[in-house]
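Visitor: Fold the following and give me the result.
(one chain, ligands or ions: 1)
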Amino acid sequence: MCLPGSSTASFNIKRLIWFNCRGMTCFFFTCKKRDTSAKQIIQKHGDIPGVENVRIYTYKELRSATEDFCLTNKIGEGGFGSVFKGKLKDGTVVAIKVLSSESRQGVREFLNELTVISSIVHENLVTLYGCCVEGDHRILVYNYLENNSLAQTLLGGGRSDIQFSWRTRCKICIGVARGLAFLHEEVRPHIVHRDIKASNILLDKDLTPKISDFGLAKLLPANMTHVSTRVAGTIGYLAPEYAVRGQLTRRADIYSFGVLLLEIVSGRCNTNTRLPYEDQFLLERTWTLYERGELVRIVDTSLNDDFDAEEACRFLRVGLVCTQDNPKLRPSMSTVVKMMTGEKKVDLEITKPGLISDFMDLKVRNHKKAGEENASLGLTPLEGSSLSSGSSTHATVSFTAITDRSGMSFNQQIKEKN
Ligand SMILES: Nc1ncnc2c1ncn2[C@@H]1O[C@H](COP(=O)(O)OP(=O)(O)OP(=O)(O)O)[C@@H](O)[C@H]1O
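Guide: Next comes the predicted model:
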């Protein structure tokens, strides 16, 4: 199988694969084009192991695929930059992610990371076809997924026509769990995604879920924090130990997965400040209902009772196990898959999940206290904190708390405040 956009130029034959095509057994050479661009890169920057397997696109090619990056072809904007839908010369439809100027790394560094990401192939991961590294441009080319992200469909507040039946939701939850288990346990060295959330779960035409943006954090220079565009939502996915102490391990992804799982079963976002206060935070609400023995009440009412209640409650319990405050109590992703498919019982004792909101309440109180003390000392409050008081505390932890004008990260600021 040739990579999209490859011409019939010299091929580097990699593997032979057999597969059935319309009843006929055909065989194809699995090949990747060692194109002129890759050769030029090696000539200019020295050998980069694996670069011959990355498709290098020219800027001209991508400009023409997107009709000069025309706004009508723009399909999204994320923390890494803008995403365009494009059609390559051979007809392949692709998603083209133009990384923002801050994310420009040296060509060697960039390609070193990229060769790793593009070699990772799994049914539940978005496939990276290749990139463009011409001049200042850093552009990634992915397979295009027809049904957008879970954030825009399932959680998009009625903006999509897709019907998410219980079966479809099961397939999505288990698919995401498998994709993450693959990154965590089968890829060597393992990959911590860092940003598992509904907008990073894309759906193909059959509603098979694909995790996007894995490995991308490594493409950013060390001094640049990934600036998320939906931080109010993102905060709800953050494992407390990561948000507070900056401890980034696979267990932080497992926490985020747990929150995502609750979102898929309940059909709502982790944070919704338009709801009555006790309902605003999904994880807290789920825990309250679990304690009352009424877990099933959190299941999406739009399913009209057309779901397997035993299975739904099992998924919700898995969500709670994944979000346990102590990272060690969270199961590995392969165990999570087994729990979800029923191969393993969810028989662990479930304690109160780790709620970043608990910490935030504390911080708001401390911050206010510190503010009062500062005022009495004639000092100005810490810059960049947008923690507000009152009932909307959690949701108003805003974007500036992650990367503010002072250039400090959320974690740094929290540490500063401690
Ligand atoms: N491979 C793809 N196929 C189809 N659409 C895509 C693809 N990749 C991204 N998109 C669209 O572009 C949007 C922006 O994606 P991107 O990953 O840059 O940001 P995000 O995940 O939405 O936000 P953030 O950067 O805050 O995580 C997505 O929500 C999706 O609608």
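Visitor: Could you report the neighbour count for Thr115?
Guide: 17 (other C-beta atoms under 10 Å). C-beta coordinates here come from the backbone N, C-alpha and C atoms, glycine included.
Visitor: so is it in a helix, a strand, or just coil?
Guide: helix (DSSP: H, G, I helix; E, B strand; the rest coil).
Visitor: how many other residues sit next to the residue nearest to it when sequence neighbours are not counted?
Guide: Distances taken as C-beta to C-beta, 6 or more residues apart in numbering put Gly50 closest to Thr115, at 3.5 Å, once the chain neighbours are dropped. Using other C-beta under 10 Å, Gly50 has 14 neighbouring residues.
Visitor: For Gly50, give me its contacts.
Guide: Counting by C-beta atoms under 8 Å, 6 or more residues apart in numbering, Gly50 touches 115-116, 119.
Visitor: quick one: which of these is nearest the ligand?
Guide: Set against the ligand, the nearest of the contacts of Gly50 by C-beta to the nearest ligand atom is Ser119 (17.7 Å).
Visitor: Was I right to think that closest one contacts Val51?
Guide: No: using C-beta atoms under 8 Å, Ser119 is not in contact with Val51; the gap is 11.0 Å.
Visitor: And the two? Which one has more around it.
Guide: Per other C-beta under 10 Å, whichever of Ser119 and Val51 has more neighbours is Val51, with 22 against 12.
Visitor: Wait, that one touches Leu111, no?
Guide: Yes: taking C-beta under 8 Å as the definition, Val51 is a contact partner of Leu111 at 5.5 Å.
Visitor: Any idea how far apart the tips of stretch 178-197 sit?
Guide: 15 Å (C-alpha to C-alpha, to the nearest Å).
Visitor: what does that stretch contact?
Guide: With contacts defined as C-beta under 8 Å, 6+ apart, stretch 178-197 is touched by 120, 122-125, 151, 176, 200, 209-211, 213-215, 217, 226, 228, 230, 233-234, 237, 248-250, 252-254, 256-257, 259-260, 332-334, 336-337.
Visitor: Report the buried members of those.
Guide: For these, a burial check counting by 16 or more other C-beta atoms under 10 Å picks out 120, 122, 124-125, 151, 176, 200, 209-211, 213-215, 217, 226, 228, 233-234, 237, 250, 252-254, 256-257, 259-260, 333-334, 336-337.
Visitor: Among these, which ones are in helices?
Guide: Taking DSSP state H, the ones among the buried ones among the contacts of stretch 178-197 that sit in helices are 176, 233-234, 237, 250, 252-254, 256-257, 259-260, 333-334, 336-337.
Visitor: of all those, which two lie farthest apart?
Guide: By the measure C-beta to C-beta, Gly233 and Ser334 form the most distant pair in those, at 27.2 Å.
Visitor: does any bit of the helix or strand Gly76 falls within sit next to the ligand?
Guide: Element membership for Gly76 (DSSP states H and E) is strand 74-78. Yes: residues of strand 74-78 contacting the ligand under C-beta under 6 Å from any ligand atom: 75-76, 78.
Visitor: Just give the closest residue to Tyr142, not the sequence neighbours.
Guide: Ala95 is the one closest to Tyr142 (C-beta to C-beta, 6+ apart), at 4.5 Å.
Visitor: cool, Ser212 as well?
Guide: Val126 (4.2 Å).
Visitor: Likewise for Phe307?
Guide: Closest to Phe307 by C-beta to C-beta, 6+ apart is Trp166, at 3.6 Å.
Visitor: Please consider this matter closed, and thank you.
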